[in-house]
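K.L.:
starting from these lines, generate the structure:
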Amino acid sequence: MLQALHIFKKDVCHLRYEILVVEALIAGFAYFASRSQPALTSNSSGFDQLAAVYEFVIPLALWLLIAGLMHDEAIPGHQQFWLTRPYSWRSLLGAKILFILAWVNLPILVADCVIIEAQGFQVRYYVPNLLCRQLLFTAVWLLPFAALAAITENLKQFLLGLLVVPVVLFIPAFFPYVMIFPRYWGGVEWIPNSIFIGVLALVAIAVLLCQYSMRKSTLARALAVSGLSLALALPLLLPESAFYNLQFELSSLTANESAVHIALDPRRRRPTVSSSDELAGTAEVDLPLKVTGAPEGLDLIADYLTVKIERADGKTWQDAGRARFYQGGDGLWMKIHVGLQVFGKLKNEPVTLHTTAYLTLLGNRRSTRVEAQKSAAIPGFGLCSFLVSSRQIWSLICTAPFRTSPLFWGSVNMGDDTLASIPMTLEGGSYSPYPAESGISPLVANYQASGSGSGNVSWPFTQITTAVPLQHFKHEFEIDRVRLDEHQIH
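P.N.:
Coordinates of the predicted model:
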């Protein structure tokens, strides 16, 4: 212990200027994030933009500090001065861990408290969230880079190793709707992300222990490369349905059977309110659905759909894109994407659609009106601000502490009181059991925005509706003898 403290004091003395820079950056981030919205829109202020810049700079500064710390006693090689010292590897590793806890984790914890309190959320209610966030922050932003520094000899090698970071971490961290993996998992995103983070953290720990206890750099580097490959590949090797099966098994809301029955509604042909999902190389087909057996006042959400198309001769094709439900002006619709080549073969003949749906029933709808240029707190969801610029460009930003809300939500922006007549498909809602997420900021944002001005239309308020997941269930249904060309969206 005394030896670890001695090394810790030496590191603090040697890296004192780097420490000052990092602490100043963390303080600056806390200041700007406390006074800004955690999402960039056309209505963003200078504070919002500066906070976003800090979110980009902070991890770079932390990694460089960690690299300098680890390279003070570089592990690879055989001519380092520190090898002549009677250092215990446990004391050396313990000193590095103590340094990171003191000068990275603790300042980030303080910054989180300052930001959350300044944004109107009382910290004393979020102690479990703070602790979970520290674990996730360490697993994602610190451990892998400490391991990278441990297997490199100098800063040049470390920076070369960082070339993989834009692919692995930067994109999903700074652009909310782009993920680590090229899939959309919806509410079960926490499962593949847990696999990725868990494998990454375990590999980083194994690399550090391998280096400090045995100084086997070749073995540690091989372990790092293979471990990173496994962390990236494992979530992709599992089918998406496996994540929803697991989620439904884990959830206390899962029902083994449901009285809900879904079939094609022959009375409707074209949606009065179309929801377009253009997907290159596919034809877009919208099918009207009739739902019976659902309790009155509840909404039906499709978390995940798979659609298999079967021709009369028994040959089958899978839909090309992610199928989904959406609420039109006259009822529920199912959207599927069919490859153009397959669509050309099948469009003029009747086919059967075999659908497997992972469904959720939503209830306890609540609506909150938010006036323009004002904010309103929505229980269980967050603090929502509706901002309208002089050019009538609007943005709706809802901020929550630490994690995405489990509530589903939707909004309508209008200048009159006819909102009730507009269909609203509720979206979002995370099924994660964790009280925090792993972003740089402790704030999580849901937002909508208009891309351009709306002429003379004014937006004096918006109405936000939230709903609670009440039941999960799996449902299979068929649509027989349907012609795809009759339901194509042009």
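K.L.:
make it CA atoms for all contacts and neighbour counts henceforth
P.N.:
Fine.
K.L.:
how is the chain carved up into domains?
P.N.:
When the chain is parsed with automatic domain parsing, its domains come out as 2-238, 257-490.
K.L.:
in contact with Phe386, which residues?
P.N.:
By C-alpha atoms under 8 Å, 6 or more residues apart in numbering, the contact set of Phe386 is Val370, Glu371, Ala372, Gln373, Lys374, Ser375, Trp394, Ser395, Leu396, Ile397, Phe461, Thr462.
K.L.:
would it count as being in a strand?
P.N.:
Yes: assignment of Phe386 by DSSP: H, G, I helix; E, B strand; the rest coil places it within a strand.
K.L.:
measure it to Gln448 for me?
P.N.:
Using C-alpha to C-alpha, to the nearest Å, we find Phe386 at a distance of 10 Å from Gln448.
K.L.:
contacts only, for Thr218.
P.N.:
Per C-alpha under 8 Å, 6+ apart, neighbours of Thr218: none.
K.L.:
with mean pLDDT and distance to Leu250 as extra columns, can I get the domains of the chain in JSON lines?
P.N.:
Formatted as JSON lines, these follow (pLDDT from 0 to 100; distance: least, C-alpha to C-alpha, whole Å):
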{"stretch": "domain 2-238", "mean pLDDT": "86", "distance to Leu250": "11"}
{"stretch": "domain 257-490", "mean pLDDT": "84", "distance to Leu250": "10"}
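K.L.:
what about the ones you listed, which gets the closest to Leu246?
P.N.:
Minimum separation from Leu246 across the domains of the chain (C-alpha to C-alpha) falls at domain 2-238, 8.7 Å.
K.L.:
now the helices for the protein?
P.N.:
2-14, 16-33, 46-71, 89-100, 106-118, 127-137, 143-150, 155-161, 165, 171-174, 190-214, 217-237, 240-250, 340-346 (DSSP state H).
K.L.:
circling back to that earlier point, mind listing the shared neighbours of Phe386 and Gln448?
P.N.:
By C-alpha under 8 Å, 6+ apart, Phe386 and Gln448 have these common neighbours: Ser395, Leu396, Ile397.
K.L.:
residue contacts, Phe29?
P.N.:
By C-alpha under 8 Å, 6+ apart, the residues touching Phe29 are Ala51, Tyr54, Glu55, Ala111.
K.L.:
among the domains of the chain, which comes closest to Glu249?
P.N.:
Of all those, domain 257-490 comes closest under C-alpha to C-alpha, at 9.6 Å.
K.L.:
that closest one: how far from the chain's middle?
P.N.:
The gap between the average C-alpha position of domain 257-490 and the chain average comes to 18 Å, counting by C-alpha atoms, centre = their mean, to the nearest Å.
K.L.:
for stretch 250-268, same thing?
P.N.:
27 Å.
K.L.:
on that earlier part again, nearest to Thr254, of the shared contacts of Phe386 and Gln448?
P.N.:
Ile397 (31.3 Å).
K.L.:
hmm, Gly382 and that closest one touching each other?
P.N.:
No: applying C-alpha atoms under 8 Å, one finds Ile397 not in contact with Gly382, separated by 9.6 Å.
K.L.:
quick revisit: can you redo the shared contacts of Phe386 and Gln448 as JSON lines with distance to Leu92?
P.N.:
JSON lines is the format used below for those (distance: C-alpha to C-alpha, whole Å):
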{"residue": "Ser395", "distance to Leu92": "51"}
{"residue": "Leu396", "distance to Leu92": "50"}
{"residue": "Ile397", "distance to Leu92": "46"}
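K.L.:
ranking those by neighbours, who comes first?
P.N.:
In terms of neighbour count, Leu396 stands highest of the shared contacts of Phe386 and Gln448 at 27 neighbours, by other C-alpha atoms under 10 Å.
K.L.:
can you tell me the closest non-neighbouring residue to Phe408?
P.N.:
Closest residue to Phe408 apart from its sequence neighbours, by C-alpha to C-alpha, 6 or more residues apart in numbering: Gly429 at 4.5 Å.
K.L.:
same question for Ser213.
P.N.:
Trp89 (6.0 Å).
K.L.:
right, and that neighbour touches Tyr212 too?
P.N.:
Yes: using C-alpha under 8 Å, Trp89 is in contact with Tyr212, at 5.7 Å.
K.L.:
looking at these two, which one has more neighbours?
P.N.:
Under the criterion of other C-alpha under 10 Å, the comparison of Trp89 against Tyr212 puts Tyr212 first, with 19 against 16.
K.L.:
quick revisit: what about the residue nearest to Phe408, how many neighbours?
P.N.:
20.
K.L.:
check contacts around it.
P.N.:
Gly186, Gly187, Thr404, Ser405, Pro406, Leu407, Phe408, Trp409.
K.L.:
quick revisit: any idea which of the contacts of Phe29 is closest to Ala320?
P.N.:
Ranked by distance to Ala320 (C-alpha to C-alpha), those are led by Glu55 at 36.4 Å.
K.L.:
measure that closest one to Arg35 for me?
P.N.:
14 Å.
K.L.:
between these two, which is the more surrounded one?
P.N.:
Using other C-alpha under 10 Å as the criterion, Glu55 and Arg35 rank with Glu55 on top: 20 against 15.
K.L.:
leaving out the residues flanking it, which one is nearest to Thr352?
P.N.:
Nearest residue to Thr352, sequence neighbours excluded (C-alpha to C-alpha, 6+ apart): Asp480, at 4.5 Å.
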